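**Student:** Using only what follows, build the 3D model:
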Amino acid sequence: MGMRLARAERSDKRSNALWGRGGRRSGAAVAVLVVAACALASTATAGTTAGHASWAFTTHGLGKTSAYVPGTLASQIQKSPGKKFDVIVEGAGQSAGSGLRNSLLSARHGSNAIGGLQIRRTFRAIDGVHAMLTGAQIAYLAKTSYVSAIVPNDRVELSSVDLPYSNDQKWPWIVGAPVDWNTQATALTAPTIAVVDSGIDSTRADFGSRVLDQVNLASLSPNSPGDGYGHGTFVAGIAAGGADGFAGVAPSANLVSVDVMNDQGEATVADIVSACDWILQNKAQYNIRVANFSLHAMDRASLFFDPLDQAVEKLWLNGVVVVTAAGNYADNGAESGVPFAPGNDPFVITVGASDVNDTLGTSDDTAAPWSAWGYTPDGFMKPDLSAPGRYIIGPVSAGAGLAVERPDHVTSDANGYMQLSGTSFSAPMVSGAAAMLLAQHPDWTPDQVKGALMVSASPTPAAAPGSLGAGELNVAAARAVATPPNPNAGIDQFVTTTASTATATFDGAAWQGAASANAAWGDAAWSDAAWGDAAWRDAAWSDAAWASAAWGDAAWSDAAWADAAWSDAAWADQAGGDLSLTQASTNVTDDEIAQVEADLGIVDPVCDPILSSCTATGTP
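**Tutor:** I've put the predicted structure just below:
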C-alpha cells in the first residue's frame, strides 16, 4: 500500500556529560546473617598492653586480622568477596563515629576504596558506622588499626537475593519483573515471542541461542542482515534479554525475528501484513503465542477498513497475544486519541508509556507527555494498560542505525547499550509478561492473558483518567490471577468461526450495527464491578462516544478524513523534545532491590513465590 510506519520510540536530546554506563550493580545477594546465632569462629589472644592493638585474631578465610569478624560473616566473605553485606563497623578508639567515617573514606586500597554512599549512618553512642560493604572491603578493613569489629546488622538479614538474572535499572523492579527471574519460573516452558520489527542481532549475549529463526520480509532497502537499524534488538532485549545486568521481563523465553523494517526503520503496511501471515503459518512450529508490534501506521482509518487491524485480529482470534505500542504523538499529556493501526484495534493489548518519576511506587506515576491515549475512531478507549517508557536502557549493537544517529544516547560503546524512550519500549515489557503468564497457564486464551494483565495493573491515581489505561503493568500480581475477567466480552459476541477453515473472524458489520443502535451495549462487560474504579467505567462507553452522529455519513465522509484534518504534521511524534536524565537517577539501589524482593516474597533464587511456598533454604 506504500504506507510508511512510524516507530513508537523517541529521540532524546542531551549532552554527552549525562552518559556513561558503570559496571553491574555490585550489591547482589548475601546469605542470611543473624548476629545472635553466630558462632565465634575466630580465635583471639590478648597482649600485655591495653588498647585495640593488644588483640589479634585468626579468622577462617581471612587469616590474621586485628578486628573481630564473626565466623559466619567471614565464611560468606570468602565465598562471595564481591557481594555487599549490611554491617556495623566499630572503631578502635573512644571518639564519636565521625572519626571512623573519615578514616574509612580516606582509606585507599585499589578497587576496594569506600564511597560515601556506602556509609548509611554514623553513630554517636558508639564509635561506629552502619555501612553496606563488599566482602573484599570488609576483609581489608579487618586488618587495619582503626577498626575493632565488623559484625552483621542484625535488623537486616540480607541485602538482596542473588537471582540468576539481574537488571540495574528501576523499571524491572517497578513492574515486578524479578518474580520471573528465579530458577523455578525460568524452568517453565515459556512460549516464543515474535518480534515484528527491524530484526534481532542474534549474536549478542543478551539472547544466547534463544533466537529460533530470522525471516526477512522487508521490501524497502537498504536492509542489512540481522538488525541494521537496532530497534528490534532493543525491543527484544526488553522483552526477553538475558545479559548480566540487563535482563528483560522473560529472560528464558525464545524469540523469532520477523524483519519488516529497513536500516532506516521504515516499513510498509504490506510488509506487516506479510509478517502476520508468516506468524500464522509458523506459530505451531515455533510455539509462537505472543507477537510484539512496536510500530504504528501513518494513515488513519477505522478498524473496518484497515488491513493491519484485520491482520492482527486474525492473529488474536487464532491464539496469538498481540501487544502493540500506543504511539508517541500526544502533546504535553493531553488526550490525543489513538487513530492508528494496530494500536486502535479493540482486541489487542495496546500499551502506553508511564513516567515513573524515578520512584518505585506507582502512586506518583503519570503518562509520559508524548504517550498517546484516548478514543479510537471507532469509539474504543486506549491504551489498555501501561508500562515504564522513559529513559530505558537496552541493547543496540555498535554500527546499527540508531547508535549512529544518536551517539550521545550510547551508554556503553563496548557492549552496545543505549538509553531511549517511547511506547516502543513499554510494549515489550507487556509482551514478556504475557509470555510468562502463558508459561504458567499454557491453556489460556489471549482474552484471558489480557484480562489478567489489566485486572492486576497497579493503580496510578496521579495520572489523568484513562491516560494509562487500567494502570501500570504488575507482573507478579498478574501471575497471581487465577480466573481473569474477559475485557473483550463485549466484542467477542461478534466473533464467528468459519466451519470450512475453522478460523475465527470478527464480524465488524454486525458489531457496528449493534453499537450504533445501542450506546450501552457494552456496559455489562465494562462495569465498575468487573474493573474497579479506574479505567473502564461507564464514561468510557458513554452516549457521546456511541451517539448516532458518530456513525453518520458525515463522520466517515471524505472531508472528515481529508489530508487537512489528518496531516502528518498534526500527528508528528511529540517525544523528540523529551529530555533525558542521568543514568544514576534511573538506576535502582541495593536498598530498593531488597525492598522489592521482600515485597514480592523472593527469599531464594530457586523458589518462585507464585508457584510455591518459599523458604530461604533453597527448597520450595
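
**Student:** buried ones in stretch 593-613?
**Tutor:** Neighbour-count burial for stretch 593-613, with 16 or more other C-beta atoms under 10 Å as criterion, is recorded at 593-594, 596-597, 600-611. In short, each C-beta sits where N, CA and C put it, glycine included.

**Student:** Can you show me the CA trace of that stretch as CSV?
**Tutor:** Output of stretch 593-613 as CSV, limited to C-alpha atoms (Å, rounded to 0.1, in the frame of the first residue of the first chain):
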residue,chain,number,x,y,z
ILE,A,593,16.1,-4.1,45.3
ALA,A,594,16.0,-5.6,48.8
GLN,A,595,12.7,-3.9,49.5
VAL,A,596,11.1,-5.1,46.2
GLU,A,597,12.3,-8.6,46.7
ALA,A,598,10.8,-8.7,50.2
ASP,A,599,7.5,-7.3,48.9
LEU,A,600,7.4,-9.9,46.1
GLY,A,601,8.3,-12.7,48.6
ILE,A,602,11.6,-13.5,46.8
VAL,A,603,13.7,-15.2,49.5
ASP,A,604,15.6,-17.7,47.5
PRO,A,605,17.0,-17.8,43.9
VAL,A,606,15.5,-21.2,43.2
CYS,A,607,11.9,-20.8,44.5
ASP,A,608,9.1,-19.0,42.7
PRO,A,609,6.9,-17.3,45.3
ILE,A,610,3.9,-17.5,43.0
LEU,A,611,4.2,-21.3,42.4
SER,A,612,5.5,-22.4,45.8
SER,A,613,5.8,-21.6,49.5
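
**Student:** Next, the contact list for Thr423, please.
**Tutor:** Taking C-beta atoms under 8 Å, 6 or more residues apart in numbering, we find Thr423 in contact with 8-9, 294, 325-328, 351-353, 368, 371-372, 389.

**Student:** Could you report the neighbour count for Lys79?
**Tutor:** Lys79 has 12 neighbours, counted by other C-beta atoms under 10 Å.

**Student:** Distance-wise, check it relative to Gly135.
**Tutor:** 8 Å (C-beta to C-beta, to the nearest Å).

**Student:** what does Asp244 give?
**Tutor:** From Asp244 across to Gly135, the span is 19 Å (C-beta to C-beta).

**Student:** now Gly228
**Tutor:** Between Gly228 and Gly135 the computed distance is 44 Å (C-beta to C-beta).

**Student:** follow-up on the earlier one: determine which two of the contacts of Thr423 are furthest apart.
**Tutor:** The span of the contacts of Thr423, defined through C-beta to C-beta, is set by Ser294 and Ala368 at 14.7 Å.

**Student:** on that earlier part again, for Asp244 and Gly135, indicate the residue with more neighbours.
**Tutor:** Gly135 (23 against 15).

**Student:** In contact with the more buried one: list those residues for me.
**Tutor:** By C-beta under 8 Å, 6+ apart, the contact list for Gly135 reads 76-78, 80-83, 85.

**Student:** need the helices for the stretch 51-200 of the chain, in chain order.
**Tutor:** 71-79, 97-106, 135-141, 171-175, 183-186 (DSSP state H, counting those that start in this stretch).

**Student:** So for Asn223, which of those helices sits nearest?
**Tutor:** Nearest to Asn223, of all the helices of the stretch 51-200 of the chain, is helix 171-175, at 30.2 Å by C-beta to C-beta.

**Student:** What is that closest one packed up against?
**Tutor:** Contact partners of helix 171-175 among helices and strands, from 3 or more C-beta pairs under 8 Å, 6 or more residues apart in numbering; DSSP states H and E: strand 385-388, helix 423-440, helix 590-600.

**Student:** can you list contacts of stretch 107-120?
**Tutor:** 101, 104-105, 129-134, 136-137, 140-141, 144.
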